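S.K.: Fold the following for me, if possible:
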Amino acid sequence: MAAQASGGVPLSTLSPKYLHTNSTSHTWPFSAIAELIDNAYDPDVSAKQFWIDKTMIKEKLCLTFMDNGNGLDHETMHKMLSFGYSDKTAIKGHVPIGMYGNGFKSGSMRLGKDAIVFSRSKSGMCIGMLSQTYLEKIGANQIQVPIVCITERNLSSYILFN
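M.R.: Now for the predicted structure:
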């Protein structure tokens, strides 16, 4: 059954197949990598450094993209992982690159089937997952994006050990 607005009008949804379809806008991996680098350059991020690395996890090649920017709170993470949302504006003459709210999704899905975003901001930590593998496993008929956040006031309750 389709999701419906309060007036009973069916709402548009996105099929999980769209994640792959959208990724084909990048004809080669380097344009997808450029999309992810561009996000760190945006004026609201304020990243000064950016790192790209590769590692093997359970015999799978994984790319990591990391910056030292401002991070994402829950609302910003949700907007970034949603399709077509962008409220980027210039700050002190620094004009943002993206404006259509599609770069992260198209770029990350061009490079792999799954993207896990770990972010720390002033208000806490968030983890978001855009995953074709997850959607296939649960038999999803529309895109679902799990996001978990821990607010700053709860951070002191957690101790992590290596």
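
S.K.: Tell me how many other residues surround the closest residue to residue 144 other than its chain neighbours.
M.R.: Spatially, and ignoring its direct neighbours in sequence, residue 144 is nearest to residue 135 (6.7 Å; Cβ to Cβ, 6 or more residues apart in numbering). C-beta: built from backbone N, CA, C; applies to glycine. Applying other Cβ atoms under 10 Å, we find 22 residues neighbouring residue 135.

S.K.: Would you mind identifying the next helix or strand past the helix or strand where residue 135 lies?
M.R.: Taking DSSP states H and E as the criterion, the element that holds residue 135 is helix 132-137. Stepping forward along the backbone from helix 132-137, the first helix or strand reached (DSSP H and E) is strand 147-151.

S.K.: Can you list the strands that that next one pairs with?
M.R.: The pairing partners recorded for strand 147-151 under DSSP bridges are strand 124-131 (antiparallel).

S.K.: buried stuff in the strand it pairs with?
M.R.: By neighbour count with 16 or more other Cβ atoms under 10 Å, strand 124-131 contains the buried residues 124-126, 128-131.

S.K.: How about residue 24, nearest residue that isn't a chain neighbour?
M.R.: residue 110 (7.7 Å).

S.K.: again, but for residue 65
M.R.: Once its chain neighbours are removed from consideration, residue 65 has its nearest residue in residue 36; the separation is 5.0 Å (Cβ to Cβ, 6+ apart).

S.K.: now the helices for the chain?
M.R.: In the chain, helices defined by DSSP state H lie at 17-23, 29-41, 74-81, 103-111, 132-137, 152-155, listed in chain order.

S.K.: Just say which of those helices is most tucked in.
M.R.: Each of the helices of the chain was given a mean neighbour count from mean count of other Cβ atoms under 10 Å, and the largest, a mean of 22, is that of helix 103-111.

S.K.: Quick one: list the elements packing against it.
M.R.: Packing contacts for helix 103-111, counted by 3 or more Cβ pairs under 8 Å, 6 or more residues apart in numbering; DSSP states H and E, involve helix 17-23, helix 29-41, helix 74-81, strand 114-121, strand 124-131.

S.K.: Now render the ones you listed as JSON lines, adding distance to residue 104.
M.R.: Conversion of these to JSON lines gives the following (distance: least, Cβ to Cβ, whole Å):
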{"stretch": "helix 17-23", "distance to residue 104": "11"}
{"stretch": "helix 29-41", "distance to residue 104": "6"}
{"stretch": "helix 74-81", "distance to residue 104": "6"}
{"stretch": "strand 114-121", "distance to residue 104": "8"}
{"stretch": "strand 124-131", "distance to residue 104": "8"}
